[in-house]
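Asker: Got a sequence here, can you build the structure:
(one chain, ligands or ions: 1)
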Amino acid sequence: MKTLNDFNFKDKKALIRVDFNVPLDEQFQVTDNTRISAAKPTITKILEDGGSCILMSHLGRPTGAQDEFSLKHIKNTVEEIIGVKIIFAADCVGEEAQRLADDLEPGQILLLENLRFYKEEEAGNKDFAEKLSKLGDIYVNDAFGTAHRAHASTAVIADFFPDNKCFGYLLEQEIKSIKKVMEDGEKPVLAVLGGAKVSSKITIIENILDKVDHLIIGGGMTFTFVKAQGGNIGDSICEDDKLELALEILKKARAKNVKVHLPVDVVAADGFSNDANTQIVKVAHIPDGWQGLDAGPQSIQNFHDVVQQCKTILWNGPLGVFEMENFAKGTIELGNAIAEATKNGAFSLVGGGDSVAAVKQFGFEDKVSYVSTGGGAMLESLEGKTLPGIAAILA
Ligand code: AMP
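Answerer: Okay, the predicted model is just below:
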């Protein structure tokens, strides 16, 4: 696996695929610069070697060259975070971009315009990838957020750098974190899977049963499993077409000696609202007209105890409707438990969509071992898929 440290960038132009797909407000100000900060170590290393950086990214989902999706809006933020003046190319390919790249001096950074202004990017067009490839000497992929896409700048381009391609520090760290859980995690290994639906997590569950000793299933998924086993779930969210599958998963888990932990009690509400009336009930005895929206106190205690036993922990998906204050406790307490285990030496990885949002919202970011920067890319990794952006560097 070739990484940044395998290269000396002195007098070299690094063409770096970053993920600067950051949220902007109505004034086009960056509202969350996590992804830009995450690329800083890679950029700094290259500049310190005496090289220069050509940064390429997409932003949003433009159709053609739409000003609101221009990367010029984020130029100042990149400058502030990296601490180096940025040269901006108003197109990502073409004469102007090529000239700016050719004139780039060691220590300088060139930021290219949005790659997705060209439909060729998402189509994985070879000619477009070749044009991009002419801009730099060494291709660096540091965009985990798009590593699951076989786009021109994330995968196809790597063919034009047979010997001069590598992972950036961020992507390297993401790969190592996933490996630490999925391949060489210290036992016991625990996966906590929450979120709304079983259907969106089936492939992950099936893949993960071979890797873990304990599986906590929480959130809205719970009720499909509980109903499948004959429980009364009242008006809780449930996928009736997945009942058989839920039983099958439980059977497979038993066969593989994986201990499955479901909530035993829940906070039930008489409506899907923060102001609804609530009561704590057994998970298999939820009255009609009530729905389970969070893990109950006994479940929180049980999950805490499981988490403390484990040395490797993966967390994907909230344990309740954490967006509503009254149903956030299960998710917060799970975060506390994982933070405690991490402090005691466990490795913890949080990845994929809403659990990352929850971890940030409740301030657990620095209390877990690693928070992934990729939503879809993380989920596909957990499903056991090889990501095209990673495969292209390894090829
Ligand atoms: P996912 O994107 O699959 O990880 O699902 C995350 C969503 O699941 C969040 O928006 C939560 O509000 C929702 N969720 C978690 N627990 C429940 C529940 N018991 N009932 C309904 N939705 C839930």
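
Asker: check contacts around Met175.
Answerer: Actually, residue 175 is Ile. It isn't Met. Taking Cβ atoms under 8 Å, 6 or more residues apart in numbering, we find Ile175 in contact with Met1, Phe167, Ile390. The C-beta positions use only the backbone N, C-alpha and C, and glycine is treated the same way.

Asker: count of neighbours near the first one?
Answerer: As a burial measure, the neighbour count of Met1 was computed by other Cβ atoms under 10 Å and equals 12.

Asker: and what of the last one?
Answerer: Other residues within reach of Ile390 by the criterion other Cβ under 10 Å amount to 24.

Asker: check which helix or strand covers it.
Answerer: helix 388-394 (DSSP states H and E).

Asker: In a helix, Leu349, correct?
Answerer: No: counting by DSSP: H, G, I helix; E, B strand; the rest coil, one finds Leu349 to be strand, located in no helix.

Asker: Quick check: it touching Gly374?
Answerer: No: between Leu349 and Gly374 there is no contact under Cβ atoms under 8 Å: 11.9 Å.

Asker: How is the protein divided into domains?
Answerer: Annotated domains of the chain cover 4-172, 185-382 [automatic domain parsing].

Asker: Ends of the longest one, what's the gap?
Answerer: Going back to what we said before, that points to domain 185-382. 14 Å (Cα to Cα, to the nearest Å).

Asker: Looking at this structure, which residue is nearest the ligand?
Answerer: Gly195 (2.5 Å; Cβ to the nearest ligand atom).

Asker: Excluding chain neighbours, what is closest to that residue?
Answerer: Nearest non-adjacent residue to Gly195, counting by Cβ to Cβ, 6 or more residues apart in numbering: Gly317, 3.2 Å away.

Asker: confidence score at that neighbour?
Answerer: We have a pLDDT of 92 for Gly317.

Asker: picking that back up, make TSV from the contacts of Ile175 and add distance to Lys251 and pLDDT to it.
Answerer: Formatted as TSV, those follow (distance: Cβ to Cβ, whole Å; pLDDT from 0 to 100):
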residue	distance to Lys251	pLDDT
Met1	37	84
Phe167	39	98
Ile390	33	97
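
Asker: tell me which of those is nearest to Glu122?
Answerer: The nearest member of the contacts of Ile175 to Glu122, counting by Cβ to Cβ, is Ile390 at 18.2 Å.

Asker: From Ala143, how far out is that closest one?
Answerer: As judged by Cβ to Cβ, to the nearest Å, Ile390 and Ala143 stand 11 Å apart.

Asker: joint contacts of those two?
Answerer: With Cβ under 8 Å, 6+ apart as the test, Ile390 and Ala143 both reach Leu171.

Asker: residues in the protein within reach of the ligand, list them.
Answerer: When proximity is defined as Cβ under 6 Å from any ligand atom, the chain approaches the ligand at 195-197, 200, 219-220, 237, 292-293, 317-318, 320-321, 323, 353-354.

Asker: Repeat the analysis, applying 8 Å as the threshold.
Answerer: Within reach of the ligand by Cβ under 8 Å from any ligand atom, the chain has these residues: 194-197, 200-201, 218-223, 236-237, 266, 272, 291-294, 316-324, 327, 352-355.

Asker: Return the members of those residues classed as buried.
Answerer: Buried members of the residues of the chain next to the ligand, counted by 16 or more other Cβ atoms under 10 Å: 194-197, 201, 218-223, 236-237, 266, 291-294, 316-322, 324, 327, 352-355.

Asker: what's near enough to touch the residue nearest to Gly374 when sequence neighbours are not counted?
Answerer: Using Cβ to Cβ, 6+ apart and skipping the chain neighbours, the partner closest in space to Gly374 is Phe144 (4.2 Å). Listed by Cβ under 8 Å, 6+ apart, the contact set of Phe144 reads Asp19, Leu170, Leu171, Glu174, Ser372, Thr373, Gly374, Ala377, Met378, Gly389.
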